[in-house]
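**Q** got a sequence here, can you model it:
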Amino acid sequence: MGLHLAGFEVIGVDLLPQPRYPFEVHRGDAVQFIRDHGHSFDLISAGPPCQSKCALTVGTNASQGWGGEHVDLVAPTREALLSTGRPYIIEQPTGKAPVRKDITLCGEMFGLGVLRHRNFELGGWTMQQPEHRPHRGYTRGWRHGVYRDGPYVAAYGKGGGKATVAEMQAAMGIPWTDVHRELTEAIPPAYFELLGRHVAAHLRSAALQSAA
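**A** Just a heads-up that it's a prediction; the model follows:
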């Protein structure tokens with residue numbers, strides 16, 4: 001949605017059915033789709049499965065935590081992206097995923113009700129890191145037996161004061177799905193709107209230089 005708001009025509013690819021996806025979506029292997037069709041796109045944004053290196057998993061039981069064994073697909077995704085020669089974005093959560101942390105975004109940068117730190121590797125283009133504003137308080141919920149209130153909600157898991165579906169929708173600006181699992185894995189559209197506007201400017205500049 002953020003890339004759409006930045007002016008891009010968006011097409012999604014996923015192995016599983018995504019009936020609530022708000023744009024055209026193809027069901028299939030995203031890495032193979034990139035290899036086969038990526039060269040025809042202006043920008044490719046990829047979010048490989050990240051659970052094996054996520055901060056919620058690392059330190060629990062290697063790649064066996066958080067619901068079972070997880071496969072790290074960052075490397076093959078990057079290889080496919082590089083083969084296209086097109087600008088790209090790889091998104092990953094805070095953790096030990098092998099991505100360059102070219103840009104880190106936080107919900108407080110956009111006045112959102114979640115913190116949801118995310119790292120982005122930028123391929124073929126760059127932008128300046130926005131200022132990481134100081135957090136205004138705690139994320140609401142129980143931590144180590146202590147309940148704290150705060151301006152942010154925990155958009156993951158259930159219980160312990162974590163966000164309801166309605167709270168996650170409002171905090172991230174995502175009204176098109178009310179499925180708890182989808183919301184806990186979602187990225188606030190504001191993140192990709194910012195990235196999209198910068199990469200669009202890069203593409204326009206490159207087109208002008210080429211025309212000259």
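**Q** out of the helices and strands in this protein, which is least certain?
**A** Every helix and strand of the chain was ranked by mean pLDDT, DSSP states H and E. The lowest is strand 141-143, at a mean of 93.
**Q** identify each buried residue in it, please.
**A** Counting neighbours by 16 or more other CB atoms under 10 Å, one finds that the buried residues in strand 141-143 are Gly141. Every residue, glycine included, has its C-beta placed from N, CA and C.
**Q** so what touches the next helix or strand after that strand?
**A** Next in sequence after strand 141-143, counting helices and strands by DSSP states H and E, comes strand 146-148. Identification of contacts with strand 146-148 by CB atoms under 8 Å, 6 or more residues apart in numbering yields Tyr138, Thr139, Arg140, Gly141, Gly161.
**Q** quick one: strands adjacent to strand 146-148?
**A** Within its sheet, strand 146-148 is paired with strand 141-143 (antiparallel), according to DSSP bridges.
**Q** thinking again about what came up before, out of the contacts of strand 146-148, which are buried?
**A** With neighbours counted by 16+ other CB under 10 Å, those contain buried members at Thr139, Arg140, Gly141.
**Q** okay, helices next: where are they in this structure?
**A** Secondary structure of the chain by DSSP state H: the helices cover 2-5, 30-37, 74-84, 165-172, 180-184, 189-211.
**Q** any idea which of those helices gets closest to Gln129?
**A** helix 189-211 (11.3 Å; CB to CB).
**Q** my guess is Asp178 contacts Met168. True?
**A** No: contact between Asp178 and Met168 fails when scored by CB atoms under 8 Å: they sit 9.3 Å apart.
**Q** so which of these two has more stuff around it?
**A** Met168 (24 against 13; other CB atoms under 10 Å).
**Q** let me see the contact set for that one.
**A** Val114, Val153, Ala155, Ile174, His180, Leu183, Thr184, Ala186.
**Q** output those in CSV; the columns should cover distance to His202.
**A** CSV is the format used below for these (distance: CB to CB, whole Å):
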residue, distance to His202
Val114, 28
Val153, 34
Ala155, 30
Ile174, 26
His180, 36
Leu183, 31
Thr184, 32
Ala186, 25
